[in-house]
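1. make a model of this:
(2 chains)
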Amino acid sequence: MRVTPSRLVCQQAVELMSDYLDGALSWRDRRRLERHLAECDGCTAFLEQMRVTITASGVVTPDDLSPEALSTLTELFERYRKSD
Amino acid sequence: MDDTALLARLLDGDEKAFVEIVMRYNESLTRVARYYVGSEASAEDVVQETWIAVLRGVDRFEGRSSFKTWLFRILVNRARTLGVKEHRIVPVDPLTSDRSVSPSRFDQVGHWSEPPVPFTDAIDDGIVNEPIIRMVHEAIARLPEAARAVVTLRDVQGLSTTEVAELLGLSEANVRVILHRSRARIRSEVEANMQVGGS
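-> As a prediction, this is how the structure comes out:
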């Protein structure tokens, strides 16, 4: 029988998720995590939730600017852009 | 429209392009500035100075880095200078001592006792739904300053871990730890929200 090098429990697995998604895990840790994920629905759901969290973070809705902010910007633009 | 196209329009003297760039980055710039300076008002001053520097210097922007990196570098240089003047001590991230998941969710061996369930209806055709986006951004706004700066640069603006570390003067290892704890915290806030709102 092959010796399995220390199997992960869920509480350890969750600590590797972020680096896993960023491709920053060592080859060995990646393999241990993938092996764990293959047989753990809870951790698979956790990983998916992390993925959704990151994707949602990257959705940027442009800020609405107040009329005052807009007029300040126009002023800046006139002063620093057109005068050169 | 992407940044390069907007920049080209800005160089042609198009004021609307400038306003659009501001709308795109103003909030993220303010959050990152807040890491260095002592108040929201100071952060807003730094952001305004940054826009002036952009207007003055955009002709010299050579595109060797992305516009985004160039922009945040201008901001960080100014914010850091003001922070030093204010004798502000750059905050250490309090999350680093946190667990990313509450230990109560695991049994004695470390297996889930209360396993997470996938966020239902979170994604349609690869697009995350609106309520989750809102929850996530609200959770980011509530993060401590250092964590908020890291998440804003890395996950909101998509800079690399190396760029984030360089901009904030942190080690890459440190950025990765802060990032992980922050993402985990955001995840758990969304999860808690879904349990209240959903089922």
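2. residue ranges of each domain in chain B, please.
-> With domains defined by automatic domain parsing, chain B comprises B:3-85, B:94-197.
3. middle-most residue in chain A, spatially?
-> For chain A, the residue nearest the mean C-alpha position is A:I54 (3.6 Å; CA atoms, centre = their mean).
4. you'd agree that one is up against A:Y20?
-> No. Counting by CB atoms under 8 Å, A:I54 stays clear of A:Y20, with 11.7 Å between them. (Glycine included, C-beta is placed from N, CA and C.)
5. A:A69: neighbouring residues, count only.
-> The number of residues packed near A:A69 is 17, by other CB atoms under 10 Å in any protein chain shown.
6. with B:N26 instead?
-> Using other CB under 10 Å, B:N26 has 20 neighbouring residues.
7. cool, and the one 5 residues further on?
-> Around B:R31 there are 21 other residues, counting by other CB under 10 Å.
8. give the closest residue to it in space, chain neighbours not counted.
-> Counting by CB to CB, 6 or more residues apart in numbering or on different chains, B:T152 is the residue found nearest to B:R31 once chain neighbours are left out, at 4.8 Å.
9. let's verify the one you found: helix, strand, or coil?
-> Secondary structure, DSSP: H, G, I helix; E, B strand; the rest coil: B:T152 is helix.
10. so for it, what's the pLDDT?
-> pLDDT, B:T152: 97.
11. mean pLDDT lowest where, among the domains of chain B?
-> domain B:94-197 has the lowest average pLDDT among the domains of chain B, namely a mean of 89.
12. where do the helices sit along chain B?
-> With helices called from DSSP state H, chain B shows them at B:3-11, B:15-36, B:40-57, B:67-85, B:130-142, B:145-151, B:161-168, B:172-197.
13. right, I mislabeled it, should have said chain A
-> Applying DSSP H to chain A gives helices spanning A:10-13, A:17-21, A:27-38, A:41-57, A:67-77.
14. burial count for B:A41?
-> B:A41 has 9 neighbouring residues, counting by other CB under 10 Å.
15. same check, this time on B:A5
-> Neighbours of B:A5 under the rule other CB under 10 Å: 10.
16. kindly report the same for the one 4 residues further on.
-> Counted with other CB under 10 Å, the neighbours of B:R9 add up to 17.
17. contact partners of stretch B:145-163?
-> Residues outside stretch B:145-163 that contact it (CB atoms under 8 Å, 6 or more residues apart in numbering or on different chains): A:22, A:24, A:54, A:57-58, A:60, B:28, B:31-32, B:34-35, B:68-69, B:72, B:90-93, B:95, B:140-141, B:143, B:164, B:167-168, B:170, B:172, B:175-176, B:178-179, B:181-183, B:185-186.
18. nope, stretch A:14-23 is what I meant
-> For stretch A:14-23, contacts defined as CB under 8 Å, 6+ apart pick out A:8, A:25, A:29-30, A:33, A:43, A:46-47, A:50-51, A:54, B:100-101, B:161, B:176, B:179-180, B:183-184.
19. what residues are up against whatever residue of chain A ends up closest to chain B?
-> As assessed by CB to the nearest CB, chain B sits closest to A:G42 within chain A, at 3.0 Å. Contacts for A:G42 (CB under 8 Å, 6+ apart) come out as A:10, B:111-112, B:115-116.
20. tell me which helix or strand of chain A sits lowest on mean pLDDT?
-> helix A:67-77 (a mean of 88; mean pLDDT, DSSP states H and E).
21. that helix - contacts with which helices or strands?
-> Contact partners of helix A:67-77 among helices and strands, from 3 or more CB pairs under 8 Å, 6 or more residues apart in numbering or on different chains; DSSP states H and E: helix B:15-36, helix B:40-57.
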